[in-house]
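>>> what would the 3D arrangement of this be:
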Amino acid sequence: MNTHTQQARRTLCSSLLLFLLAACGAQPTAIVEPTLSLELTPSPLPGTPTPQPTATPMPRLEVETYTVQPGDTLRSIAAAYNLQPETILWANYDALLDIPDFLFEGMQLTILPVDGVYHQVGGGDTVENIAAFFATSPQAIFNWGPNAIDPANAVILPGQWLVVPDGQRSLRRRTMPNLPRTAMAVDFMEFGAGACPLNVEGGAVGDGVYAPPVSPLDVIGEDFWSAHTGVDLAAQPGEPVLAADDGVVTFSGWSNFGYGYAVMLDHGNGQFSLYAGLAEAQALCGASVAQGEPLGSAGIIGHPAGTFVHFEIRQGGAGVDPLELLRE
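Below you'll find the predicted structure:
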């Protein structure tokens, strides 16, 4: 077959192909000469899951409300929202009065979107003096978009609520001070019916080696943190609460500082221990007690975590984590 005949056949075949494609509604495409270079796409091994993109959680911007559930503690609620427990405490003064153990099932808590303070603007407030009072910067308040404050015209109105990011404040409640045996006679109208009427000299002295006031040693409420300078130890209603070390009873009975029925011991070595949230206090004012002697009994306090004894150890004017000493 000569060259002209081969060329004529190729032309005829191309024309027929174009005719058929047009009849089927298809569009002709350019013919590309094949090459020998191949691009390989690796396939996952059999049984290997294909990686999926991970969604980044969006930051919260709005103030929320949370209803306290059985088993909750302030720390567990804070952890669930990725906040510090102080933020939850400070934002709920009306409900908790700055006392973490005042948590009750069904309580409605205000939950901020970031760590800091929730402040209601008062007459005469400015962004600058609010920032100074809560130890943060005015820019932090301006930068929090939901506050909706224009830095060029920083108008805030009385009654308006502001989130103060990274703000901090002191507690607004009084804690029971240490009551030494030589100065434990305090006003029962101020301190409560557990105040002791007379000071004493001498008496038992502890050695600083502590035993648990209840057993087993199980923290079910709050543990030790800035606004909770003790631990909440699980107890059965009516269970005896025991002296953790030798000492003298310097308070025994109802406390007006939010501790309920409480007992304080002066250990005579600069250390004090406090047992609170009791069903009753049985220790006698001024009495010397030995480690392991009963001071009172555990009670039902209605906390969502269950029944516990609030236990503190103090060295001078500062609280010490009782678990550290008990584990020694």
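>>> ignoring the adjacent residues along the chain, who's closest to Val186?
Ala195 (4.9 Å; C-beta to C-beta, 6 or more residues apart in numbering). Any C-beta I mention is one placed from the backbone N, CA and C, and that applies to glycine too.
>>> ditto for Asp187
That would be Ala195: by C-beta to C-beta, 6+ apart, it lies 6.7 Å from Asp187.
>>> can you pull the pLDDT of that neighbour?
pLDDT recorded at Ala195 is 98.
>>> what does Gln27 give?
Per-residue pLDDT puts Gln27 at 42.
>>> do Arg327 as well
82.
>>> gap between it and Tyr210?
Arg327 sits 10 Å away from Tyr210, going by C-beta to C-beta, to the nearest Å.
>>> of those two, who's got more company?
Tyr210 (23 against 9; other C-beta atoms under 10 Å).
>>> ok, the residue nearest to Val186 touching Phe251?
Yes: shown here, Ala195 and Phe251 form a contact pair, counting by C-beta atoms under 8 Å, at 6.6 Å.
>>> so for these two, which sits in the more crowded spot?
Taking neighbours as other C-beta under 10 Å, Ala195 and Phe251 compare with Phe251 leading, 28 against 22.
>>> what pairs with the more buried one across the strands?
Following DSSP bridges, Phe251 is listed with bridge partners Ala195, Met264.
>>> which of the three states applies to Asp101?
Each residue gets one of three states, and Asp101 gets helix by DSSP: H, G, I helix; E, B strand; the rest coil.
>>> how many residues are close by it?
Asp101 has 23 nearby residues by other C-beta under 10 Å.
>>> separation between it and Val121?
As defined by C-beta to C-beta, Asp101 lies at a distance of 30 Å from Val121.
>>> go on, Gln291?
53 Å.
>>> again, but for Leu278
Look at Leu278 and Val121: by C-beta to C-beta, they are 42 Å apart.
>>> neighbour count for those two, which is higher?
Set side by side, Leu278 and Val121 show more neighbours around Leu278, with 26 against 16, by other C-beta under 10 Å.
>>> I'd say that one and Ser255 touch.
No: the criterion here is C-beta under 8 Å, and Leu278 misses it with Ser255 at 9.9 Å.
>>> give the residues shared as contacts by those two.
261-262 (C-beta atoms under 8 Å, 6 or more residues apart in numbering).
>>> setting aside sequence neighbours, what's the nearest residue to Asn256?
Gly192 (3.9 Å).
>>> got a list of what the one you found touches?
Counting by C-beta under 8 Å, 6+ apart, Gly192 touches 253-257.
>>> what's the per-residue pLDDT of it here?
Confidence at Gly192, expressed as pLDDT, is 97.
>>> ditto for Thr229
94.
>>> tell me the phi and psi of Asp246?
Dihedral angles of Asp246 (phi, psi; degrees, to the nearest 10) stand at phi -60, psi 150.
>>> distance check, Gly221 against Val309.
Gly221 is 9 Å from Val309, by C-beta to C-beta.
>>> between these two, what contacts are shared?
Here Gly221 and Val309 share the contacting residues Asp232, scored by C-beta under 8 Å, 6+ apart.
>>> pLDDT weak spots in the chain?
Scanning the chain for pLDDT under 70 picks out 1-58.
>>> so what are the domain limits for it?
As recorded under automatic domain parsing, the domains making up the chain are 64-165, 181-327.
>>> how far off centre is the shortest one?
Put plainly, it is domain 64-165. Domain 64-165 has its C-alpha centroid displaced from the chain centroid by 13 Å (C-alpha atoms, centre = their mean, to the nearest Å).
>>> Gln315 contacts His267, correct?
No: with contact defined as C-beta under 8 Å, Gln315 does not reach His267; the gap is 10.1 Å.
>>> please say which of the two ends up with more neighbours.
Using other C-beta under 10 Å as the criterion, Gln315 and His267 rank with His267 on top: 24 against 14.
>>> just give the number of residues close to Asn272.
Asn isn't right for residue 272; it's Phe. The burial count for Phe272: 26, using other C-beta under 10 Å.
>>> oh, that last question was meant for Val63, not what I typed.
What Val63 shows, counting by other C-beta under 10 Å, is a neighbour count of 14.
>>> repeat for Ala262
Neighbour count of Ala262, defined by other C-beta under 10 Å: 25.
>>> after the one helix or strand it maps to comes which helix or strand?
Here Ala262 sits within strand 260-266, counting by DSSP states H and E. Later in the chain than strand 260-266, the nearest helix or strand by DSSP H and E is strand 271-281.
>>> report the buried residues of that next one.
By neighbour count on 16 or more other C-beta atoms under 10 Å, the buried set for strand 271-281 is 271-279, 281.
>>> which neighbours in the sheet does that strand have, and how are they oriented?
Short version: by DSSP bridges, strand 271-281 pairs with strand 260-266 (antiparallel), strand 294-298 (antiparallel), strand 308-315 (antiparallel).
>>> circling back to that earlier point, go ahead and build a PyMOL selection from the buried members of the contacts of Gly192.
Selection of the buried residues among the contacts of Gly192 in PyMOL, burial being defined by 16+ other C-beta under 10 Å:
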select buried, resi 253+254+255+257
